[in-house]
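Novice: sequence and predicted structure below; questions after.
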Amino acid sequence: MCFDIRMHTGTTVEHNQASVTGFSTAETQPDALSPLRTIVHMLVTGAVAAVATVVAWFIMSRPSLPAYNTSYVLKALSSVGSVLVILFAAVSVYYVLHPRTNWSNWQRRVLAVLLYLAPAGLVITSIGIPLAATSLYLDGVSVDQAFRTQFLTRLTDTPGWVDMAYPNMPSFYPGLWFFTGGLFARITGLAGWAAYQPWALMTLAAAFSMLVPLWRHLTGSLASGATVALVTAVATLHVAPEEPYAAIVAVGMPAAMVMTRHALLGSRWALFGVMVYLGLSANLYTLFTALSALSVVVMAIAAAIRQKGIRPLLSLLAMGVGSILIALLGWFPYLRALLTQPHGPTGKAQHYLPEDGTALMMPFFDLSALGVLTLIGLVWLVARHRQDDARALLVGILTAYGWAVASMAMPLLGTTLLGFRVALPIALLFAVAGALAIIDLRGVGMPKFYPATVDPAKSRGVTRVFAAILAFGTLYYAIDIPMNHEKKIDTAYTDADGNAMRGDRMPADATVYYAQIDEHLAEKLGKRSGATILTDEQHFMSFYPYHVYQAMTAHYANPLGEFERRNEEIESWTQITDPDELIAAMDRAAEEEGWTAPDALVLRGEVPAEEGGPAGRDATPMEEAEFSYLIADDIYPNQPNVRFRTVHFPASAFQKHWDVTQIGPFAVAVRN
């Protein structure tokens with residue numbers, strides 16, 4: 001993802017680089033990377049960062065550390081780690097700009113390695129250490145993390161582009177992160193749910209570290225590239241690290257905006273980079289792909305008008321066709337099925353309007369380090385709006401704001417654009433602008449207004465001041481990351497994992513019975529994947545790769561599965577008391593609708609004594625016994641947007657054709 005700024009610019013490399021960073025040619029040129037070297041550096045850096053992170057994760061998970069929600073030990077260790085990372089990064093930046101004359105090449109390479117891996121270090125210290133005493137990631141397996149964990153569990157068991165819930169169905173949710181995560185889990189021997197935390201840390205670390213050589217190429221300076229990458233990493237970790245596959249797309253957006261500008265000027269490397277970014281991101285997080293693509297279209301149209309020619313539009317066409325072909329590697333099976341098979345509404349995922357979606361994010365008004373940085377970025381964007389790269393970032397910001405405003409109006413049409421999600425791209429675009437503004441001030445502003453700073457001795461002093469300000473600002477914000485996500489970290493410790501263990505060592509909930517249920521189902525059915533279960537136990541679906549008859553909610557359900565019609569079918573079954581009629585109804589739905597009938601049901605309730613349940617004075621008689629199931633209804637535009645209501649299966653409907661067993665609070669019915 002890089003470009004050769006020598007191409008089609010009509011200026012020298014030095015002039016173009018200085019226009020972005022403000023550094024003089026003498027300082028930046030020795031650090032400049034060619035397009036090919038940039039790609040190599042990015043790939044190697046990403047691989048090394050991922051390996052280093054998983055090694056750190058393994059080491060951190062060995063000791064018996066106190067839980068984050070019951071002790072401040074992990075918070076203290078996190079702060080110490082962040083201090084060391086920022087300290088080493090600041091010192092490295094200084095010596096990159098002002099190297100000692102007697103340093104050898106290997107010493108300079110060590111500095112480069114430290115800067116390349118510094119963003120990965122922040123992932124380890126600010127997120128990895130606080131989660132060191134739990135097996136779960138941020139938010140545990142609650143709310144949205146339940147379905148994400150289920151998806152990773154599915155693709156660990158069944159590698160491919162398959163649906164997380166329904167059998168024999170292509171996935172409609174972008175699966176690249178989960179597919180590669182499943183491969184990682186299989187290679188390491190981890191269960192899908194257990195691989196979530198290390199895979200999230202690894203991919204965040206790799207993406208952040210790959211930004212260093214990318215921005216090094218874009219700015220022509222290793223110091224500048226490291227600064228922008230570190231700022232991006234800290235901002236992302238502070239704002240939204242809980243969705244790692246979305247975060248790794250968002251962090252590339254500022255660079256993609258800058259590359260688009262050069263692609264529209266005819267740079268083939270830039271065109272290739274934007275094409276790959278859009279194509280891959282479509283298989284990771286399509287919302288940010290759509291936002292980025294819209295920004296690219298706006299820039300292309302503006303460039304065509306300004307140049308009074310179609311060349312930018314031809315570049316846009318090339319980027320569009322190439323990125324669509326890459327995107328279709330993951331999307332084609334679903335789109336083909338959507339065109340050839342019955343399906344339900346395709347817009348349920350957009351049925352969500354939280355309070356955050358009713359306001360615009362303006363980080364520059366926050367009283368925080370990020371607020372100050374983004375305010376500097378705002379001032380720089382306005383002051384430098386005629387400078388092409390600043391204009392590219394500005395287009396990305398205005399497009400994001402336009403998306404958010406449009407999302408607020410979309411409820412009139414019965415949907416949204418999930419505008420609250422663009423908070424992260426907005427924060428990152430402003431933060432990167434702020435970092436470039438400080439770099440610009442250091443390289444151009446100071447020499448222009450204070451010529452005396454050109455003197456080498458005074459230049460070093462200026463660098464120290466700027467490095468100290470950036471270091472302390474970044475450090476303050478980095479140390480605050482765990483505190484900002486305290487509730488999400490606490491949930492990772494209070495939720496029980498797939499081994500029915502809580503990170504805070506407190507007794508687990510009904511999860512303790514899951515292993516026994518799994519053992520019973522495996523004995524009766526002889527398989528997990530391919531066996532279809534009807535249950536409302538979301539955590540059970542997250543930990544074990546059984547297929548399910550019904551997905552968790554409509555918002556994450558595959559439209560091909562016809563969620564609402566399945567709900568109606570399930571509710572009709574609860575009115576049946578005769579065992580023969582229940583089996584006939586299930587088989588009829590399978591034949592007429594193509595929905596694989598349940599091989600088993602895992603419901604809440606007490607099995608009657610006549611069916612092998614507990615006997616005694618308090619035993620529930622057959623005619624009164626019921627098994628409960630939660631049906632999820634989409635009630636958008638209300639907030640919360642999902643309503644769970646309980647329906648009851650008469651126990652008498654399972655007297656024949658089913659083997660019914662009581663396991664803890666669960667009635668487990670397996671079809672004979």
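Specialist: Alright, I've got the coordinates.

Novice: excluding residues flanking it in the chain, which one is nearest H262?
Specialist: A270 (3.9 Å; C-beta to C-beta, 6 or more residues apart in numbering). For every residue, glycine as well, the C-beta is placed using N, CA and C.

Novice: surely the one you found touches A255?
Specialist: No: taking contacts as C-beta atoms under 8 Å, A270 lies outside contact range of A255: 10.3 Å.

Novice: who has more neighbours out of those two?
Specialist: Looking at A270 and A255 with other C-beta atoms under 10 Å, you find the greater number of neighbours at A270, namely 29 against 25.

Novice: residues contacting the helix or strand harbouring W106, please?
Specialist: Element membership for W106 (DSSP states H and E) is helix 105-123. Outside helix 105-123, the residues that touch it by C-beta atoms under 8 Å, 6 or more residues apart in numbering are 41, 45, 48-49, 52-53, 81-82, 84-86, 88-89, 92-93, 95-96, 99, 201, 204-206, 208-209, 211-213, 222-223, 225-226, 229-230, 232-234, 237, 478.

Novice: ok, stretch 340-350 next?
Specialist: 337-338, 410, 415-418, 554-557, 559-565, 594, 634.

Novice: OK, contacts around L329?
Specialist: Here L329 is in contact with G279, N283 (C-beta under 8 Å, 6+ apart).

Novice: pLDDT value on the closest residue in space to D578 that isn't next to it in sequence, please?
Specialist: Ranked by C-beta to C-beta, 6+ apart and with sequence neighbours excluded, the top spatial neighbour of D578 is A653, at 6.7 Å. For A653, the model assigns a pLDDT of 95.

Novice: in a strand, A653, correct?
Specialist: No: assessed with DSSP: H, G, I helix; E, B strand; the rest coil, A653 is helix; it does not lie in a strand.

Novice: who are the neighbours in contact with it?
Specialist: With C-beta under 8 Å, 6+ apart, A653 has these contacts: W573, I576, T577, D578, P579, E581, L582.

Novice: if you rank those by neighbours, which is first?
Specialist: L582 leads those on contacts (other C-beta under 10 Å) with 23 neighbours.

Novice: that residue in helix, strand or coil?
Specialist: helix.

Novice: ok, it touching S572?
Specialist: No: with contacts counted by C-beta under 8 Å, L582 stays clear of S572, the gap being 10.2 Å.

Novice: for burial, what's the neighbour tally of the residue nearest to I310 when sequence neighbours are not counted?
Specialist: Leaving out its chain neighbours, the residue that sits closest to I310 by C-beta to C-beta, 6+ apart is A304, at 6.3 Å. A304 is flanked by 18 other residues according to other C-beta under 10 Å.

Novice: circling back to that earlier point, average model confidence for the helix holding W106?
Specialist: Mean predicted lDDT for helix 105-123 stands at 92.

Novice: send the alpha carbons of it over as PDB?
Specialist: Taking Å, rounded to 0.1, in the frame of the first residue of the first chain, the C-alpha atoms of helix 105-123 are listed here in PDB:
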ATOM      1  CA  ASN A 105      24.700   1.000  10.500                       C
ATOM      2  CA  TRP A 106      23.500  -1.700  12.900                       C
ATOM      3  CA  GLN A 107      22.900   0.800  15.600                       C
ATOM      4  CA  ARG A 108      20.800   2.800  13.200                       C
ATOM      5  CA  ARG A 109      18.900  -0.300  12.300                       C
ATOM      6  CA  VAL A 110      18.200  -1.000  15.900                       C
ATOM      7  CA  LEU A 111      16.600   2.400  16.200                       C
ATOM      8  CA  ALA A 112      14.500   1.700  13.100                       C
ATOM      9  CA  VAL A 113      13.400  -1.700  14.600                       C
ATOM     10  CA  LEU A 114      12.400  -0.100  17.900                       C
ATOM     11  CA  LEU A 115      10.300   2.500  16.100                       C
ATOM     12  CA  TYR A 116       8.700  -0.100  13.800                       C
ATOM     13  CA  LEU A 117       7.600  -2.200  16.800                       C
ATOM     14  CA  ALA A 118       6.700   0.600  19.200                       C
ATOM     15  CA  PRO A 119       3.000   0.600  18.200                       C
ATOM     16  CA  ALA A 120       2.800  -3.200  18.800                       C
ATOM     17  CA  GLY A 121       4.300  -2.500  22.200                       C
ATOM     18  CA  LEU A 122       1.500  -0.200  23.000                       C
ATOM     19  CA  VAL A 123      -1.000  -2.900  22.200                       C
END
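
Novice: for that helix, buried residues please.
Specialist: For helix 105-123, burial by neighbour count (16 or more other C-beta atoms under 10 Å) applies to 108, 111-112, 114-123.

Novice: how about those residues in a markdown table, adding distance to I248?
Specialist: Below are the buried residues of helix 105-123 laid out as a markdown table (distance: C-beta to C-beta, whole Å):
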| residue | distance to I248 |
| --- | --- |
| R108 | 29 |
| L111 | 26 |
| A112 | 23 |
| L114 | 22 |
| L115 | 20 |
| Y116 | 17 |
| L117 | 17 |
| A118 | 17 |
| P119 | 12 |
| A120 | 13 |
| G121 | 17 |
| L122 | 15 |
| V123 | 11 |
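
Novice: of all those, which two lie farthest apart?
Specialist: R108 and V123 (25.2 Å; C-beta to C-beta).

Novice: contacts only, for A233.
Specialist: P119, L122, V123, F208, L211, V251.

Novice: helix or strand: which one has it?
Specialist: In this assignment (DSSP H and E), A233 forms part of helix 222-239.

Novice: all strands for the stretch 51-200 of the chain, in order.
Specialist: Counting by DSSP state E, counting those that start in this stretch, one finds no strands in the stretch 51-200 of the chain.

Novice: go on, the chain?
Specialist: Assigned by DSSP state E, the chain shows strands spanning 532-535, 547-548, 600-605, 626-634, 642-650, 658-663, 666-671.

Novice: now for the second one, which elements pack on it?
Specialist: In other words, strand 547-548. strand 532-535 (3 or more C-beta pairs under 8 Å, 6 or more residues apart in numbering; DSSP states H and E).

Novice: contact partners of the strand it packs on?
Specialist: 167, 521, 541, 546-550, 570, 596-603, 629.
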